[in-house]
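Peer 1: Quick one: sequence plus predicted model below, questions after.
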Amino acid sequence: MPKKYQLKRVGQIPVNPPEVDESKFVINYQNELNSSQYEAVSALEGNYLVIAGAGSGKTRTLVYRVSRLVELGNDPQSILLLTFTRKAAKEMMDRAAILLDNRCSKINGGTFHSFANLTLRKYAKAVKLDNGFSILDQSDSEDVINLIRGQLNLLQHKKRFPNKQTIFKVLSLGVNTGRAVELILEEEYPHFAEYIDKFLQIQKVYTSYKRQNNLLDYDDLLVYLRDFLLEFSPAAKSFLNTIKFTMVDEYQDTNKLQAEVIQGLGQIHQNIMVVGDDSQSIYSFRGANFKNIMEFPKLFKNVKLIKMEENYRSTQEILNFSNRIIEFAFEKYPKHLFTRKTGGELPGIISAANENMQSRFIVEKVLELREEGVPLNDIAVLFRSSFHSFDLEIELNKANIPYVKFGGMKFIETAHVKDLLAFLRIAQNPSDYVSWYRVLLLHEGIGSKKAQLIMDEIGAGRLSIKSNPETAVSKKYNDRIYNLFSLLHELHTKNQIPADKAELALNYYEPIFREKYDDWNKRKKDLDIFLNISENYRSLDSLLSDMALDPPQDSVIDIEAANKEREFLTLSTIHSAKGLEWHTVFVIHAVDGFFPSSQSFEKLESLEEERRLMYVASTRAKQNLFVCYPMHIFDRHNGITFAKPSRFIENISEELADQWLLEE
């Protein structure tokens, strides 16, 4: 008698999902997780919103869910995990592989941009792209805009015309938030509103420039991916059929474009799980949209909400303080963080006569904690804006306390690393005029006019790195240009591994580099690090994509001082501290007008984000939390003025915090 096989429709959720026999698993999930973590980990088909409070084991939950899906026999390639940094994705995949086995490291894990890059290269034909496209990072995009700005003669305006960074920021915000450029100028840059026509002109030229030269910027990666998914072509359907489960980390930080990508990914299987915390949504300046997490249940079908409220980081006293701050939030998923940890002390609200007294208090307290055995590495001073720590930095230097301040120049943004990359980018894409411009200007005797003439020759096909420079570079160019074309011809035509290409480029660049930078001996270490990184790659495409999409974060110039001292105190903006934790945290300058900043007073949304910022700062502390403010502030225009404590701490009762008044 023939066996019967019943077909079910793809994406259809069974009315009664089959019972899972827990005893067959290698890992005892129920034992290893608390009840809400287990609920999220054992969730299978359907759409889920997991509200993971600060310190509630969000990463652990995602790691265990990956492992459980693999244990259930799902193909690792059918599981997609989207994160905001590749480091986060790698850490989760590594942890899942250690927890279960190596199958977990084979899932689709990465950032939105790296996922978009791989998908677009694979389905390039379907999206009408050439799969050899180059990726522009932010400063490359700004350079292109600067070229266009120059060509359109916009600098001849009598009044100040916005710089390349501002123009790019406005255009990029428009793409990421779905708002019209006119609206962004009107709301955020009203002093440039008269230039709306010029902005739109630059946008038009920028778009066609990228298309002509096979270039995509960060925003394009997401736009092309979204359009590919939502157009739902046969190629998109075939691709979506391969992805059964999608998980998104830090969903509160997504922008409108990313939310649309997630909608596109859920069209067939409808198994989307987003994990995040509405109370930690603090990146609207980058285009992140708080509404994404609040409106998720409206955008997706039959969403189940799971709340994770047990905290494994802080004492209950710190949590009570933090719960109180967020309690007054206008729009939120109500939650109450709790812990089983005992033995905490009340947070302190510290009033200092002036800024310098605030700084001296922190120095003394840090030295006391050091004596009590708390290492400097486990102490942080957090602030709303970078300049709030200037006075403190002077006092720390006087007391010989080593510190590192976060928010400095990133490795990939250092000029010398960008110089070296430019040679390799031309080798990969000979039409990359931004890199051509950068490389040509490095050479003595070539200014912007001469560089433009050479680029015109390249554009017209009269000069090329594809052919031998003996024939291509005529006598009208000097030896320098001949040598440059020889190098680029070799890099473009020789089949070498990226490390060899990078070394060739560095040998050529080194004399120029020593001439250009007074502190070349310090900067040299960054170039050595770049060579080391290139050793890990087999193709130039993947090296350049990674450098543009997920560059190493720190420059040696920034962290060298810290490395001499094994221990250092952390000074950081709150934005840079998100996701981190310390034994003791000081929050400084908690003054109305500084934190919340005076710019946020006009709009409820901005003020609410400032509240969430204070919540993020206070939930970084494990054992001690001190929120400090100077009662008098020196203002250049008004002299000494009386300062009001931040409205977020003004109504904190004595049961929730000790009030300290500093005396000499």
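Peer 2: Arrived safely.

Peer 1: For the rest of this, base every contact and every neighbour count on C-alpha atoms.
Peer 2: OK.

Peer 1: Tell me where the model's unsure across the chain.
Peer 2: Along the chain, the parts satisfying pLDDT under 70 run over 1-19, 154-160, 407-413, 471-478, 518-519, 521-522, 550-565, 634-640.

Peer 1: Buried residues of the helix ranked longest in it, list them for me.
Peer 2: As assigned by DSSP state H, the longest helix anywhere in the chain is helix 498-516. By neighbour count with 16 or more other C-alpha atoms under 10 Å, helix 498-516 contains the buried residues P498, A499, K501, A502, E503, L504, A505, L506, Y509, F513.

Peer 1: Which two of these have the greatest separation?
Peer 2: Spatial extent of the buried residues of helix 498-516 (C-alpha to C-alpha) is set by the pair P498 and F513 at 20.5 Å.

Peer 1: could I get the longest strand along the chain in PDB with only the CA atoms?
Peer 2: Secondary structure of the chain per DSSP state E: the longest strand is strand 621-630. The C-alpha trace of strand 621-630 is given here as PDB (Å, rounded to 0.1, in the frame of the first residue of the first chain):
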ATOM      1  CA  ALA A 621      26.500  50.100  36.600                       C
ATOM      2  CA  LYS A 622      26.800  46.800  38.400                       C
ATOM      3  CA  GLN A 623      27.500  47.800  41.900                       C
ATOM      4  CA  ASN A 624      27.900  51.600  42.300                       C
ATOM      5  CA  LEU A 625      26.200  54.500  40.500                       C
ATOM      6  CA  PHE A 626      27.000  58.200  41.100                       C
ATOM      7  CA  VAL A 627      25.100  60.900  39.200                       C
ATOM      8  CA  CYS A 628      26.900  64.200  39.600                       C
ATOM      9  CA  TYR A 629      26.000  67.800  38.700                       C
ATOM     10  CA  PRO A 630      27.700  71.200  39.300                       C
END
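
Peer 1: Do I have it right that I184 meets G174?
Peer 2: Yes. At 7.2 Å, I184 and G174 qualify as touching, with contact defined as C-alpha atoms under 8 Å.

Peer 1: coming back round to it: would you mind pulling the contact partners of the longest helix of the chain?
Peer 2: 416, 420, 423-424, 442-443, 487, 491, 520, 531-532, 534-535, 537-540, 543 (C-alpha atoms under 8 Å, 6 or more residues apart in numbering).

Peer 1: Could you tell me which of these belong to helices?
Peer 2: When DSSP H defines the helices, the subset of the contacts of helix 498-516 inside them is H416, L420, F423, L424, L487, L491, W520, L531, N532, S534, L540, L543.

Peer 1: buried subset of the residues you listed?
Peer 2: Going by neighbour count (16+ other C-alpha under 10 Å), the ones in helices among the contacts of helix 498-516 have H416, L420, F423, L424, L487, L491, L531, S534, L540, L543 buried.

Peer 1: and which of those residues is nearest L81?
Peer 2: Of these, the one sitting nearest to L81 (C-alpha to C-alpha) turns out to be L543, at 21.8 Å.

Peer 1: S435 versus that closest one, what's the distance?
Peer 2: Separation of L543 from S435 (C-alpha to C-alpha, to the nearest Å) stands at 16 Å.

Peer 1: Against D249, how distant is Y29?
Peer 2: In this view, Y29 and D249 are 21 Å apart by C-alpha to C-alpha.

Peer 1: Those two - which one has more neighbours?
Peer 2: Comparing Y29 with D249 by other C-alpha atoms under 10 Å, the one with more neighbours is D249, at 24 against 19.

Peer 1: pretty sure that one is touching F84, no?
Peer 2: Yes. With contacts counted by C-alpha under 8 Å, D249 reaches F84, the gap being 7.4 Å.

Peer 1: Please enumerate the shared neighbours of those two.
Peer 2: What both D249 and F84 touch, as defined by C-alpha under 8 Å, 6+ apart, is an empty set.

Peer 1: What backbone torsions are found at F383?
Peer 2: When read as degrees, to the nearest 10, the backbone of F383 gives phi -150, psi 160.

Peer 1: ok, now which ones touch W520?
Peer 2: Listed by C-alpha under 8 Å, 6+ apart, the contact set of W520 reads F513, R514.

Peer 1: now with 6 Å?
Peer 2: Contacts for W520 (C-alpha atoms under 6 Å, 6 or more residues apart in numbering) come out as R514.

Peer 1: which residues in the stretch 51-200 of the chain form strands?
Peer 2: In the stretch 51-200 of the chain, the strands defined using DSSP state E, counting those that start in this stretch lie at 79-83, 108-111, 134-136.

Peer 1: okay if I get those as TSV plus mean neighbour count and distance to G593?
Peer 2: Output for those, formatted as TSV (neighbours: other C-alpha atoms under 10 Å; distance: least, C-alpha to C-alpha, whole Å):
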stretch	mean neighbour count	distance to G593
strand 79-83	23	34
strand 108-111	21	36
strand 134-136	25	37
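
Peer 1: Let me have those strands in JSON lines, adding distance to Q270 as columns.
Peer 2: Converted to JSON lines, those look like this (distance: least, C-alpha to C-alpha, whole Å):
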{"stretch": "strand 79-83", "distance to Q270": "13"}
{"stretch": "strand 108-111", "distance to Q270": "17"}
{"stretch": "strand 134-136", "distance to Q270": "31"}
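
Peer 1: among the ones you listed, which is nearest I51?
Peer 2: strand 79-83 (15.8 Å).

Peer 1: for the closest one, the distance to its chain's centre please.
Peer 2: Offset of strand 79-83 from its chain centre (C-alpha atoms, centre = their mean, to the nearest Å): 16 Å.

Peer 1: do stretch 426-439 as well
Peer 2: With C-alpha atoms, centre = their mean, you get 26 Å for stretch 426-439.

Peer 1: Residues contacting that stretch, please?
Peer 2: So stretch 426-439 is contacted by N213, A422, L488, L491, H492 (C-alpha under 6 Å, 6+ apart).

Peer 1: Could I get those in CSV, plus columns for distance to L549?
Peer 2: Converted to CSV, these look like this (distance: C-alpha to C-alpha, whole Å):
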residue, distance to L549
N213, 19
A422, 15
L488, 24
L491, 22
H492, 22
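
Peer 1: Which stretches in the stretch 251-400 of the chain count as strands?
Peer 2: For the stretch 251-400 of the chain, the strands defined by DSSP E, counting those that start in this stretch occupy 272-276, 304-308, 348-352, 379-383.

Peer 1: Residues in contact with the last one: which ones?
Peer 2: By C-alpha under 6 Å, 6+ apart, the residues outside strand 379-383 that reach it are L569, T570, L571, S572, T573, I574, W582, T584, V585, F586, V587, I588.

Peer 1: same check, this time on stretch 200-214
Peer 2: Applying C-alpha under 6 Å, 6+ apart, the contact partners of stretch 200-214 are F133, S431.

Peer 1: Give me the buried positions along it.
Peer 2: I202, Q203, V205, Y206, Y209, K210, N213, N214.

Peer 1: Please state the backbone phi and psi of the last one?
Peer 2: When quoted as degrees, to the nearest 10, the phi and psi of N214 stand at phi 60, psi 50.

Peer 1: roughly how far apart are it and K256?
Peer 2: 25 Å.

Peer 1: next one: the fourth one
Peer 2: Applying C-alpha to C-alpha, one obtains 22 Å for the distance of Y206 from K256.

Peer 1: Check T177 too.
Peer 2: Noted for T177: a distance of 5 Å to K256, by C-alpha to C-alpha.

Peer 1: With respect to I306, which of the ones in helices among the contacts of helix 498-516 is nearest?
Peer 2: Within the ones in helices among the contacts of helix 498-516, the smallest distance to I306 is 39.3 Å, found for L543 (C-alpha to C-alpha).

Peer 1: the helices in the stretch 151-300 of the chain, which residues?
Peer 2: Along the stretch 151-300 of the chain, counting by DSSP state H, counting those that start in this stretch, helices occupy 164-177, 181-188, 196-212, 218-231, 234-241, 256-265, 290-299.

Peer 1: How about L580, nearest residue that isn't a chain neighbour?
Peer 2: Excluding its sequence neighbours, the residue lying closest to L580 (C-alpha to C-alpha, 6 or more residues apart in numbering) is R620, at 6.3 Å.

Peer 1: Check the gap between the residue nearest to K335 when sequence neighbours are not counted and A43 for me.
Peer 2: Spatial nearest neighbour of K335, excluding adjacent residues (C-alpha to C-alpha, 6+ apart): E309 at 6.7 Å. Distance, E309 to A43, using C-alpha to C-alpha: 18 Å.
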